[in-house]
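Chemist: Give me a model of this one.
(one chain, ligands or ions: 3)
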Amino acid sequence: MHTKPYTMINQKHLDLNSMKELPESHAWLSLDELPSYSSSTPDQVPVINLKDPNAMELVGHACKTWGVFQVTNHGVPTNLLEQMEAAGRKLFALPMQQKLKAARSPNGVSGYGVARISAFFPKLMWSEGFTIVGSAYEHARKLWPNRYNRFCCVIEEYKEEMNKLAQKLMFLMLGSLGVTMEDVKWATTQRSCPALQLNSYPACPDPDRAMGLAAHTDSTLLTILHQNNTSGLQAHKEGTGWVTVPPIPGALVINVGDLLHILSNGLYPSVLHRAMVNRTQHRLSVAYLYGPPSNVQISPLSKLTDQVHPPLYRSVTWSEYLGTKAKHFNKALSSVRLCAPLNGFADTNDHNGVRVG
Ligand SMILES: C=C1C[C@]23C[C@H]1CC[C@H]2[C@@]12CCC[C@@](C)(C(=O)O1)[C@H]2[C@@H]3C(=O)O
Ligand SMILES: O=C(O)CCC(=O)C(=O)O
Ligand SMILES: [Fe+2]
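Modeler: Ligands and ions are numbered 1, 2, ... in the order given. Below is the predicted model of the structure:
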């Protein structure tokens with residue numbers, strides 16, 4: 001038997017829940033490299049009632065101006081959101097040795113571990129994650145050898161409901177640009193292969209020097225995020241700076257991802273966002289990362305391009321783009337860009353210069 005605490009086994013898997021002070025490995029030098037602007041009128045992330053007769057227009061406007069919004073009346077049962085949150089809590093409350101049994105392999109996608117983007121930062125993030133692509137069965141069986149069924153059922157039901165909502169959102173987002181689901185046949189005929197990301201942000205002894213999840217855009221078409229009633233999510237808006245996305249009970253947060261940025265030829269820019277931590281509360285979030293079927297070529301929709309608006313991005317599949325993101329992180333989007341914008345300026349939404357830490 002070893003006598004060292006298991007937090008020493010692997011520096012990347014410190015048990016944050018038991019730390020009384022912030023270790024150097026997690027102390028960020030600067031949390032803000034992007035400018036913040038002071039404004040007398042506080043700018044707030046839109047909240048849209050999906051049963052509003054103008055929902056399509058409101059969604060389109062939110063995608064153009066923010067790339068993030070919250071939705072109410074979204075049709076996902078509240079008790080399913082609660083069950084998912086409870087399942088997440090149960091998972092992260094397991095002892096570290098147990099969680100490590102389902103650790104993500106070095107080049108793998110699924111499993112327990114630090115955020116995939118960690119490799120791009122000199123400091124570690126104050127969070128732990130669990131990624132599920134495909135069935136949760138293999139991992140759940142390692143975590144709870146005799147009682148994995150309940151976890152798997154909640155995950156499956158959650159994915160089912162989120163898929164319905166994602167389709168509805170695609171219909172609204174594209175509809176607002178004059179694009180019909182006929183123009184994007186794959187969106188209704190082929191099944192997508194989504195990912196589910198559970199994030200846990202333990203209470204932090206020194207929140208002002210720690211980062212929960214560093215600034216990034218999602219590689220998805222769109223992401224549906226459920227945050228428990230603890231704030232921490234912030235979105236970046238040009239000209240405004242970082243804005244907190246306040247938790248609203250029962251509401252879900254929708255992010256525009258890089259693939260929708262490409263599909264809309266830049267009309268819907270993907271949103272840069274991050275998660276901050278706090279001193280007293282354990283924060284939990286569940287992200288449903290929705291992309292197209294993995295081998296469908298995604299390129300700017302022909303309805304949105306003409307001589308004056310040439311396609312700005314080359315076509316990519318989701319699986320190729322995930323590889324590009326894993327390699328180039330915040331330069332992934334500009335690496336698939338075809339031509340410079342007509343005004344000659346770098347596209348601010350390509351998130352080229354973001355480096356936090
Ligand atoms: C399907 C996806 C999308 C992934 C990779 C893979 C599984 C996990 C997703 C996330 C979730 C956390 C932020 C992010 C940036 C990360 O590090 O892992 C995401 C990434 C992406 O959107 O690129
Ligand atoms: O925890 C959050 O609020 C953000 C999570 C997130 O951005 C992600 O999982 O991609
Ligand atoms: Fe994200």
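
Chemist: So which residues on the stretch 51-200 of the chain come close to ligand 2?
Modeler: 197, 199 (CB under 6 Å from any ligand atom). To be clear about C-beta, it is placed using only N, CA and C from the backbone, and glycine gets the same treatment.

Chemist: Run me through the strand neighbours of the helix or strand hosting residue 274, direction for each.
Modeler: In the assignment (DSSP states H and E), residue 274 maps to strand 273-275. Strand 273-275 sits in its sheet next to strand 213-216 (antiparallel), strand 233-237 (antiparallel), going by DSSP bridges.

Chemist: how many other residues sit next to residue 187?
Modeler: 21 (other CB atoms under 10 Å).

Chemist: residues contacting it?
Modeler: 167, 170, 174, 181, 292 (CB atoms under 8 Å, 6 or more residues apart in numbering).

Chemist: Over to it. Which of the three states is it?
Modeler: Following DSSP: H, G, I helix; E, B strand; the rest coil, residue 187 is assigned to helix.

Chemist: quick one: it from residue 298, how far?
Modeler: 11 Å (CB to CB, to the nearest Å).

Chemist: Please enumerate the helices of the chain.
Modeler: Listed in chain order, the helices of the chain (DSSP state H) span 55-65, 78-92, 96-100, 137-143, 149-175, 186-189, 258-263, 318-328, 332-335.

Chemist: Now do the fifth one, average pLDDT.
Modeler: Rounded to a whole number, the mean pLDDT of helix 149-175 is 96.

Chemist: between residue 187 and residue 298, what contacts are shared?
Modeler: Contacts common to residue 187 and residue 298, judged by CB under 8 Å, 6+ apart, are residue 292.

Chemist: Could you check how many residues crowd around the nearest residue to residue 120 once chain neighbours are set aside?
Modeler: Ranked by CB to CB, 6 or more residues apart in numbering and with sequence neighbours excluded, the top spatial neighbour of residue 120 is residue 329, at 4.7 Å. Neighbour count of residue 329, defined by other CB under 10 Å: 19.

Chemist: Make sure residue 329 is actually in contact with residue 118.
Modeler: No: look at residue 329 against residue 118 with CB atoms under 8 Å: they stay out of range, at 10.5 Å.

Chemist: which one of the strands paired with strand 273-275 is the most hemmed in?
Modeler: strand 213-216 (a mean of 23; mean count of other CB atoms under 10 Å).

Chemist: ok, that one near ligand 2 or not?
Modeler: Yes: on the criterion CB under 6 Å from any ligand atom, strand 213-216 is in touch with ligand 2 at residue 213.

Chemist: what about that strand and ligand 1, touching?
Modeler: Yes: with CB under 6 Å from any ligand atom as the criterion, ligand 1 is reached by strand 213-216 at residue 216.

Chemist: then that strand to PDB, C-alphas only?
Modeler: Output of strand 213-216 as PDB, limited to C-alpha atoms (Å, rounded to 0.1, in the frame of the first residue of the first chain):
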ATOM      1  CA  LEU A 213     -12.300  26.700 -18.000                       C
ATOM      2  CA  ALA A 214     -10.200  29.000 -20.100                       C
ATOM      3  CA  ALA A 215     -11.600  31.200 -23.000                       C
ATOM      4  CA  HIS A 216     -12.600  29.100 -26.000                       C
END
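
Chemist: Tell me the pLDDT of the residue positioned nearest the centre of the chain.
Modeler: Central residue of the chain (CA atoms, centre = their mean): residue 218, 5.0 Å from the mean position. The per-residue pLDDT reported for residue 218 equals 98.

Chemist: do you know how far it is from ligand 1?
Modeler: As judged by CB to the nearest ligand atom, to the nearest Å, residue 218 and ligand 1 stand 4 Å apart.

Chemist: again, but for residue 168
Modeler: 20 Å.

Chemist: what's near enough to touch the nearest residue to residue 303 once chain neighbours are set aside?
Modeler: Leaving aside its chain neighbours, residue 303 sits nearest to residue 179 (5.5 Å; criterion: CB to CB, 6+ apart). Applying CB under 8 Å, 6+ apart to residue 179 gives the contacts 301, 303, 304.

Chemist: Who are the contact partners of the last one?
Modeler: Residues touching residue 304, when contacts are defined by CB under 8 Å, 6+ apart, comprise 177, 179, 264, 265, 267.

Chemist: Check these against residue 134 and report the nearest one.
Modeler: residue 264 (27.9 Å; CB to CB).

Chemist: And the closest one, how close does it get to residue 221?
Modeler: Distance from residue 264 to residue 221, by CB to CB: 10 Å.

Chemist: tell me the mean pLDDT for stretch 256-274?
Modeler: 98.

Chemist: anything in that stretch sitting right up against ligand 2?
Modeler: Yes: using CB under 6 Å from any ligand atom, stretch 256-274 reaches ligand 2 at residue 273.

Chemist: hmm, back to that, and the contacts of residue 187, which are buried?
Modeler: 170, 174, 292 (16 or more other CB atoms under 10 Å).

Chemist: Tell me, how many residues neighbour residue 242?
Modeler: So residue 242, with other CB under 10 Å, has 18 neighbours.

Chemist: unless I'm mixing things up, it is touching residue 233, no?
Modeler: No: Residue 242 is beyond contact range of residue 233, at 10.3 Å (criterion: CB under 8 Å).

Chemist: residues shared between the contacts of the two?
Modeler: residue 274.

Chemist: Of the helices of the chain, which stretch is the most buried?
Modeler: The most buried one of the helices of the chain (mean count of other CB under 10 Å) is helix 258-263, showing a mean of 27.
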